[in-house]
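1. here are the coordinates; sequence isn't available:
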């Protein structure tokens, strides 16, 4: 007698295999292994906002005197020790109602610094927060298991490890004329948090600083062995053009 597997048509066998792999929430179990550590990526608005040419209601660079003047959150990213990362781990569409109590804090500390809508894994084009949750937040299990927990956890880590305050206290303040030693900036963070950050630059200007954490959110060294930054870098100050600068471009 032929084996059972031999009696199953190939197309049906594939369907059965898919059903075994796909969970009730739409995830593909085993497709992406559990992450190794977290990276908190922080953006320097002074560098990014200098690239703004047109204003819109969704861009925090266009808020005039209320434009951000300290590092803002880019995202909390689960990463692997080999330098790669998981993304879009299970189907969980972003729902802004889930974080309604956090919106004021998110607008201030985790704003979008661009006008364009962000791509998402499951919701088409949408909010910057939707991109971060669907691409990165869904991969934070088993440490973080739902949308609200992802955003409140990120905010809490951001407040606890205040990079802007540490650099200001060390004399590294926003300036369009000063250049600071990259090693000094790194050392200021190392001395405070006992871990080495990663610094990303756009030409000579600091664009992002990333802090890395074990799964219990204790600081650890980031993996980067080289940097895009020169030996002396800037922290550009930025004066918003304001929304009134381009009313026709507003969303």
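-> Yep, that arrived. Just so it is clear, the model here is predicted, and its values are computed rather than measured.

2. tell me the bridge partners for the closest residue to residue 178 other than its chain neighbours.
-> Closest residue to residue 178 apart from its sequence neighbours, by CB to CB, 6 or more residues apart in numbering: residue 234 at 6.8 Å. In short, each C-beta sits where N, CA and C put it, glycine included. Beta-bridge partners for residue 234, by DSSP bridges, are residue 205.

3. where does the stretch 1-150 of the chain dip in pLDDT?
-> Where the stretch 1-150 of the chain drops to pLDDT under 70, the residues are 1-30.

4. all strands for it, in order.
-> Assigned by DSSP state E, counting those that start in this stretch, the stretch 1-150 of the chain shows strands spanning 37-43, 72-79, 118-119, 125-126.

5. mean neighbour count for those - can I get that in a markdown table?
-> As requested, the strands of the stretch 1-150 of the chain are arranged in a markdown table below (neighbours: other CB atoms under 10 Å):
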| stretch | mean neighbour count |
| --- | --- |
| strand 37-43 | 21 |
| strand 72-79 | 22 |
| strand 118-119 | 16 |
| strand 125-126 | 14 |
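
6. so which of those strands is nearest residue 165?
-> With CB to CB as the measure, strand 37-43 is the member of those nearest residue 165 (12.2 Å).

7. distance between that closest one and the chain's centre?
-> 6 Å (CA atoms, centre = their mean, to the nearest Å).

8. for stretch 113-133, same thing?
-> How far stretch 113-133 lies from its chain's middle: 12 Å, per CA atoms, centre = their mean.

9. sorry, back to before: next one: the residue nearest to residue 178 from residue 203, what distance?
-> 9 Å (CB to CB, to the nearest Å).

10. tell me the contacts of residue 102?
-> By CB atoms under 8 Å, 6 or more residues apart in numbering, residue 102 lies in contact with 148, 151-152, 155.

11. and residue 234 and residue 203? Which one has more around it.
-> Between residue 234 and residue 203, counted using other CB atoms under 10 Å, the more crowded position is residue 234 (22 against 11).

12. per-residue pLDDT, that one?
-> The model reports residue 234 with a pLDDT of 97.

13. gap between it and residue 43?
-> In terms of CB to CB, residue 234 sits 15 Å off from residue 43.
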